[in-house]
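Colleague: Provided below for reference: sequence and predicted model.
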Amino acid sequence: MRNGMYRDDRTQSKGTVLVFGATGKQGGAVTAALRARGWAVRALVRNTAREEVGRLAATGVEIFAGEFADMASVENAMAGVDGVFSVQPNSGSAGSGIADSEEVRIGKRVADIAMQSGVGHLVYSSAGIISRGKTGLPNLDTKIEIEEHIRSLDLASTILRPATFMDLFTLPGFGLDQGTFSFFVHPDQPFQAIAVEDIGKIAAQVIEHPGVHAGRTIEIAGDELTGLQLAEALSDAADRCVAYHRFPDELLEGNEFLRRNAKLFEDGRATGNANIAALEDEFGLLWRVSDWLAGPGKPALQAALTSDERPLALR
């Protein structure tokens, strides 16, 4: 450790990228993809003593101590980098403890600092659900405000809008331990999904080719399937029958947040707008849900199958 950061002096890189959320799913996937492509990566973390931070440092990632409450630490971590991957904590994520206004403040300030620091390219991870405009859900509409601010700056930027994360299909509490899976779509309704590994893969390629991607807003997904097809994929991967059910009306009627999300899926606003064939032409093959469940998603699926957490739809 040196000057408050870990460093691997043996790193031979194409440049340096500051990745926010590097200990989380999206940021972690971007970090791994960038390192695999020969980029040096910096990560801003609140607690450098955490085990996952040590693992990051062991792969050659520079660890900068800091947090969003101290924007001077963000400026320090961003000094001299070539690119930034920006993703913010969100009030819709369990345990985030962040207000919607704070997400907007952080997202805008990160972009401002990137411009002031002379960063060559900012990649912001937004959400596919906002592609048709405001949703009426504050924790989603925050991203519209951040997107608009980024576009207003004299800063080369690319906005990625991921579809539903495949990780949702392996979470405890959705009924897998009882042989069911419940979600927002009707059984025969198609919707899109993406693996976080593919978010990392796409983001790394976007960062590597700013001349091609700067100024773009890219809807990203790796697969499109119905609720019934998801049940088939889950059943095959679990080696047991898993039935699919849309969240019951009585649950939705009693929970405004779930009800409004379900309406967005029913209207098609949240089901995804990505051109998957075009994405694969540009970025290479992407994970299909069935293959992901049998591969990277398998450990989480097995854990969910044995979880004793009550199904979400029965709470």
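Modeller: Cool, got the structure. Numbers count the residues shown, from 1 in each chain.

Colleague: where do the helices sit along the protein?
Modeller: 25-36, 51-58, 71-78, 100-116, 138-152, 196-208, 210-213, 227-238, 249-253, 256-266, 276-283, 289-294, 298-305 (DSSP state H).

Colleague: Could you give the average pLDDT over the fifth one?
Modeller: Same thing as helix 138-152. Helix 138-152 shows a mean pLDDT of 96.

Colleague: Now do the same contact list for the residue nearest the centre of the chain.
Modeller: Taking C-alpha atoms, centre = their mean, the centroid of the chain lies closest to Q26, which sits 4.2 Å from it. Residues near Q26 by C-beta atoms under 8 Å, 6 or more residues apart in numbering: V87, S125, P162, V196, I199, G200. (C-beta placed from N, C-alpha, C; glycine too.)

Colleague: one more time with 7 Å
Modeller: V87, S125, V196, I199 (C-beta atoms under 7 Å, 6 or more residues apart in numbering).

Colleague: Can you tell me how far it is from K201?
Modeller: According to C-beta to C-beta, to the nearest Å, Q26 stands 12 Å off from K201.

Colleague: again with A99
Modeller: 32 Å.

Colleague: Then F257?
Modeller: 31 Å.

Colleague: Looking at A99 and K201, which one has more neighbours?
Modeller: K201 (24 against 13; other C-beta atoms under 10 Å).

Colleague: That one is in contact with A33, isn't it?
Modeller: Yes. With contact defined as C-beta atoms under 7 Å, K201 counts as touching A33 (5.2 Å).

Colleague: hmm, back to that, near the residue nearest to the residue nearest to the centre of the chain when sequence neighbours are not counted, how many other residues are there?
Modeller: Once flanking residues are discounted, Q26 sits nearest to V87: 5.1 Å by C-beta to C-beta, 6 or more residues apart in numbering. Other residues near V87 come to 24 when the count uses other C-beta under 10 Å.

Colleague: so V87 sits right up against S126, yeah?
Modeller: No. Counting by C-beta under 7 Å, V87 stays clear of S126, with 9.0 Å between them.

Colleague: can you count the residues close to the nearest residue to D236 once chain neighbours are set aside?
Modeller: Distance criterion C-beta to C-beta, 6+ apart; nearest residue to D236, sequence neighbours excluded, is S290 at 6.4 Å. Residues near S290, counting by other C-beta under 10 Å, number 18.

Colleague: who's in contact with G15?
Modeller: W39, A40, D82, G83.

Colleague: and which of these is nearest R240?
Modeller: W39 (41.6 Å; C-beta to C-beta).

Colleague: isn't the closest one right up against K14?
Modeller: Yes. Counting by C-beta under 7 Å, W39 touches K14, with 5.2 Å between them.

Colleague: Compare these two and say which is more crowded by neighbours.
Modeller: Ranked by neighbour count (other C-beta under 10 Å), W39 and K14 place W39 first, with 22 against 14.

Colleague: For the more buried one, grab phi and psi.
Modeller: With angles defined as degrees, to the nearest 10, W39 sits at phi -90, psi 150.

Colleague: Identify the residues contacting stretch 257-266?
Modeller: 129, 135-137, 184-185, 191, 247, 251-253, 270-271.
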